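Undergrad: When you get a sec, could you give me coordinates for this:
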Amino acid sequence: MSKVFLFSEHHHIKLANRMCTIFVKLVKKSSEVSNVSKTKERLVLAFTIPQVFVITGKLWSMTTVMVNFIEIWIFVSFLSFYASINSLNDAKSKNFLTYLAYFFDMIELGYFRVSILHGILVLVVPCQPGLSSSILCLDKNLQINVVWKPVIAKLECLIYMQIPSGMGYYIVIVLLTGYFLPTKIWVDSANHPESIGAAEDFIILSQTDPDAAGKKLVLDMAPTLTVLYALSLFLHCSGIFSILATTAGEARWRARFIKVTNFFSTLLYCGIILVILYNLCPTKPHSEGSATPKLGNIGLSLFTYLYCGIVPYAMVSWNVGLLKRLENKIREKQESNENMKVNSTQELLKVKFEDNRVAK
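TA: Numbers count the residues shown, from 1 in each chain. I've put the predicted structure just below:
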């Protein structure tokens, strides 16, 4: 690897100059990486201690949560509901999941690369601090032989694979449930121009008449808060009934839960579209502090508008398609039961007829 290629993207390496927890720095004039000074070395060592505590805390939190899988069972049920074979028959949902799979393939390239790199480092430099194999290097009597190197390398690779792959399932939940837009609206509600104007009016008016200022603030913010609470209600009701649909054993109850889910999903989709149309102002794009242009008073990017318009519609389409398939199954089951009753009745009549003929 040439030096020119190594430092062609040196703006990433320059990040070490801004962080006080990294023991190297990039010399801008010579474009060389060197160790930090003795003064900064103490600072790096001081920050190593809280890093160890943070890593230990993360491992402890993961261990305590993973002991009980009941909390994660809801997410597993939801994934099995949307990723089942029956729910993939719809062409629209299948196309959407295909593009979503491509997106996660791009993400997988990242954490596969990191985990494989850790495994290779164990094989090449096992005593490097930060690797699990370096613990064996502390004792001079222990030697990392050819047998232990692949074992520790595989363990290191699997550990770094578990963390991002586990997070990938939660990312799927966020993308498929449409939690993004209501959460984004809640987070950015304080930055809305209407909210900022109402807050400024409240500050000015509260100096002279606090009661009138409070009433005016409530009247100004009531429409926004009502919309936010309504979207959150529709979202949570849709999620709850979709989970109930996955746990229902009978197809009849599953169809009923899906009908309720589809009702709230449709309300959520209509509410999101109304919010987007109300705040959309294509003639006045603004991009303060952002690389992507933002449209309307709500301050969301164009990609967010497109995503929030597609995902809820896909959810409604999936529910409609799944509901049709369930109704067809229920109808087929009822017809089969009726046919069985008719056949059993005919068989019973034949038996009685034969008995009467024999008796005569």
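Undergrad: Enumerate the positions of stretch 117-132 that are buried.
TA: His118, Gly119, Leu121, Val122, Pro126, Leu131 (16 or more other CB atoms under 10 Å). Any C-beta I mention is one placed from the backbone N, CA and C, and that applies to glycine too.
Undergrad: Where does the third one fall, secondary structure wise?
TA: Under the assignment given by DSSP states H and E, the secondary-structure element containing Leu121 is helix 91-124.
Undergrad: Kindly report the same for Ser34.
TA: strand 32-35.
Undergrad: Please parse the chain into its domains.
TA: 1-67, 91-175, 180-359 (automatic domain parsing).
Undergrad: Just give me the neighbour total for Leu155.
TA: Look at Leu155: counted by other CB atoms under 10 Å, it has 15 neighbours.
Undergrad: swap that for Lys259, please
TA: Here the number of neighbours of Lys259 (other CB under 10 Å) works out to 16.
Undergrad: Point me to the helix or strand that includes it.
TA: helix 251-279.
Undergrad: For Pro50, see how far away Ser37 is.
TA: From Ser37 across to Pro50, the span is 21 Å (CB to CB, to the nearest Å).
Undergrad: again with Val27
TA: Separation of Val27 from Pro50 (CB to CB) stands at 28 Å.
Undergrad: Same check on Asn337?
TA: 66 Å.
Undergrad: cool, Trp253 as well?
TA: Using CB to CB, Trp253 is found at 52 Å from Pro50.
Undergrad: Show me which of the two is the more surrounded one.
TA: With neighbours defined as other CB under 10 Å, Trp253 and Pro50 compare such that Trp253 has more, 13 against 10.
Undergrad: pLDDT averaged over stretch 27-45 - what is it?
TA: In this model, stretch 27-45 has a mean pLDDT of 72.
Undergrad: Check the separation of the first and last residues in it.
TA: With CA to CA, to the nearest Å applied, stretch 27-45 spans 21 Å between its terminal residues.
Undergrad: So Leu131, which state does it fall into?
TA: Counting by DSSP: H, G, I helix; E, B strand; the rest coil, the backbone at Leu131 sits in coil.
Undergrad: Next one: Lys350 from Ser336, what distance?
TA: Applying CB to CB to Lys350 and Ser336 gives a distance of 21 Å.
Undergrad: With Ile240 as the reference, measure out to Leu267.
TA: Going from Leu267 to Ile240 by CB to CB gives 14 Å.
Undergrad: What of Thr261?
TA: Separation of Thr261 from Ile240 (CB to CB) stands at 9 Å.
Undergrad: Neighbour count: these two, which is higher?
TA: Neighbour count, other CB under 10 Å: between Thr261 and Ile240, Thr261 has more, with 26 against 15.
Undergrad: in stretch 151-160, what counts as buried?
TA: Buried-residue list, stretch 151-160, by 16+ other CB under 10 Å: Ile152, Ala153, Glu156, Cys157, Tyr160.
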